[in-house]
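Chemist: sequence and computational prediction follow.
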Amino acid sequence: MEDHWFTESCEEGGSALSLRIKAKLHEEHTGFQKIEIYETTHFGRLMVIDGFIMLSSRDNFIYHEMLAHPTLYTHPLPKRVAIIGGGDCGTLREVLRHPEVSQVTQVDIDERVTRISEIHFPELCVSNKDPRVEFLFTDGFEWIKNLPAGALDVIIVDSTDPIGPGEVLFSRDFYTACERALAHGGLMVQQSESPLLHMDILQNMHRGMKKGGFSHLKTLFFPVCVYPSGWWSATMARKGVPIDNFRQGNVENSPVQTRYYNSAIHQGAFSTPTFFPEQLNLEES
């Protein structure tokens with residue numbers, strides 16, 4: 001039987017990742033992007049947008065847990081949360097595992113990502129009917145800009161790469177709007193690509209966040225084997241308060257069942273490799 005593979009090339013990294021596939025389950029061009037769903041032999045189902053892997057059934061829990069839990073456990077009482085992007089609803093599922101969260105607004109420009117996920121990744125969408133959730137399918141930047149000052153405790157930016165519809169979410173103007181929308185001590189976190197291959201993106205994000213008004217930044221690291229290099233990051237920014245302690249006791253005694261995240265992972269994820277200071281100061285600033 002002939003093998004069939006999906007391959008994503010990472011030109012800037014001189015590398016590629018291939019996954020053996022059984023079948024293509026879905027393909028469509030929305031008004032914003034091309035979405036494909038595959039069934040693979042070893043990684044479950046695979047979502048691809050504009051040729052780039054978004055998630056697999058096998059390893060998405062690492063990404064979604066690390067985007068949500070470190071930030072929510074760093075905030076003392078995260079009640080009002082916004083997710084910008086995140087149309088597959090995996091991050092939303094993790095956020096809603098926190099009983100202290102009273103309101104979540106998920107803002108994704110392309111409704112089809114959510115509707116396709118409900119069909120092909122139902123395990124990620126189990127909390128979509130939670131009464132605490134409001135779904136908005138609109139421009140996340142425009143929505144954030146129009147919020148009252150101090151309206152949110154946490155902003156999670158679960159965006160695609162900084163190209164196409166996701167490009168504006170890496171801009172100084174977007175960070176300025178996020179800083180204004182957060183209450184004092186509020187936190188935002190955004191996926192920040194591969195620290196091995198995309199240091200220029202990390203540098204630009206740190207500059208943009210600082211120019212946008214955030215004085216306290218930290219980057220955390222975690223594996224995602226279907227993303228370029230297999231090593232990924234998220235960058236956390238806080239309004240007016242250092243990013244220091246987290247609610248360690250709450251993590252260790254939490255009823256929230258996680259598969260990757262725990263107290264030790266939280267602490268270790270912020271450890272900075274020794275070669276980084278030459279390229280980017282990732283320490284508390």
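Modeler: Happy to help now that I have it. Numbering: from 1, shown residues only.

Chemist: for the record, mean pLDDT for the helix or strand where V251 lies?
Modeler: Assessed by DSSP states H and E, V251 sits inside helix 248-252. The average pLDDT within helix 248-252 is 94.

Chemist: in the helix or strand just after it, what's buried?
Modeler: Going down the chain from helix 248-252, the next helix or strand is helix 263-269, by DSSP H and E. For helix 263-269, burial by neighbour count (16 or more other CB atoms under 10 Å) applies to 263, 265-266, 269. From N, CA and C alone the C-beta is placed, and that goes for glycine too.

Chemist: who are the contact partners of I62?
Modeler: Applying CB atoms under 8 Å, 6 or more residues apart in numbering, one finds that I62 lies in contact with 222-224, 259-260.

Chemist: do that again at 10 Å, thanks
Modeler: If a contact means CB atoms under 10 Å, 6 or more residues apart in numbering, then I62 has 222-225, 232, 258-261, 265 as its contacts.

Chemist: with Y227 instead?
Modeler: 8, 10, 17, 52-56, 59, 63, 161, 191, 193-194, 197.

Chemist: so it versus E100, what's the distance?
Modeler: 30 Å (CB to CB, to the nearest Å).

Chemist: quick revisit: contacts for the helix holding V251?
Modeler: Residues beyond helix 248-252 that count as contacts (CB under 10 Å, 6+ apart) turn out to be 69-70, 72-73, 76, 98, 100, 256, 258, 261-267.

Chemist: tell me how far E252 lies from V101.
Modeler: Taking CB to CB, one finds E252 at 19 Å from V101.

Chemist: who has more neighbours, these two?
Modeler: Remark: of E252 and V101, V101 carries more neighbours, 21 against 10, as counted by other CB atoms under 10 Å.

Chemist: which stretches of the stretch 51-200 of the chain form helices?
Modeler: All helices of the stretch 51-200 of the chain, identified by DSSP state H, counting those that start in this stretch, fall at 60-74, 90-95, 111-120, 140-145, 172-181, 199-211.

Chemist: looking at the ones you listed, which is nearest to L187?
Modeler: helix 60-74 (5.2 Å; CB to CB).

Chemist: for that closest one, the averaged confidence score.
Modeler: 98.

Chemist: how far does the longest strand seen in the chain sit from its chain's centre?
Modeler: When the chain is parsed with DSSP state E, its longest strand is strand 15-29. Offset of strand 15-29 from its chain centre (CA atoms, centre = their mean, to the nearest Å): 22 Å.

Chemist: tell me which other helices or strands that strand touches.
Modeler: Using 3 or more CB pairs under 10 Å, 6 or more residues apart in numbering; DSSP states H and E, the elements in contact with strand 15-29 are strand 5-10, strand 34-40, strand 45-49, strand 52-56, helix 111-120.

Chemist: repeat that with 8 Å
Modeler: strand 5-10, strand 34-40, strand 45-49, helix 111-120 (3 or more CB pairs under 8 Å, 6 or more residues apart in numbering; DSSP states H and E).

Chemist: and it with strand 52-56, angle?
Modeler: On the basis of axes from the mean of the first three to the mean of the last three CA atoms, to 10 degrees, strand 15-29 is oriented at 90 degrees to strand 52-56.

Chemist: before we move on, the earlier item: would you write a PyMOL line that selects the buried entries of the contacts of I62?
Modeler: Buried residues within those, by 16+ other CB under 10 Å, are selected in PyMOL with:
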select buried, resi 222+224+232+258+261+265
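
Chemist: and the two most separated of the contacts of I62?
Modeler: C225 and T258 (17.9 Å).

Chemist: which residues touch the residue most central in space within the chain?
Modeler: Nearest to the geometric centre of the chain sits D158, at 3.2 Å (CA atoms, centre = their mean). Listed by CB under 8 Å, 6+ apart, the contact set of D158 reads 67, 83-86, 91, 191.

Chemist: what about the residue lying closest to it once chain neighbours are set aside, how many neighbours?
Modeler: Take D158 and drop its neighbours on the chain: the residue closest to it by CB to CB, 6 or more residues apart in numbering is G86, 3.5 Å away. For G86, the count of nearby residues is 29 (other CB under 10 Å).

Chemist: likewise F275?
Modeler: 7.
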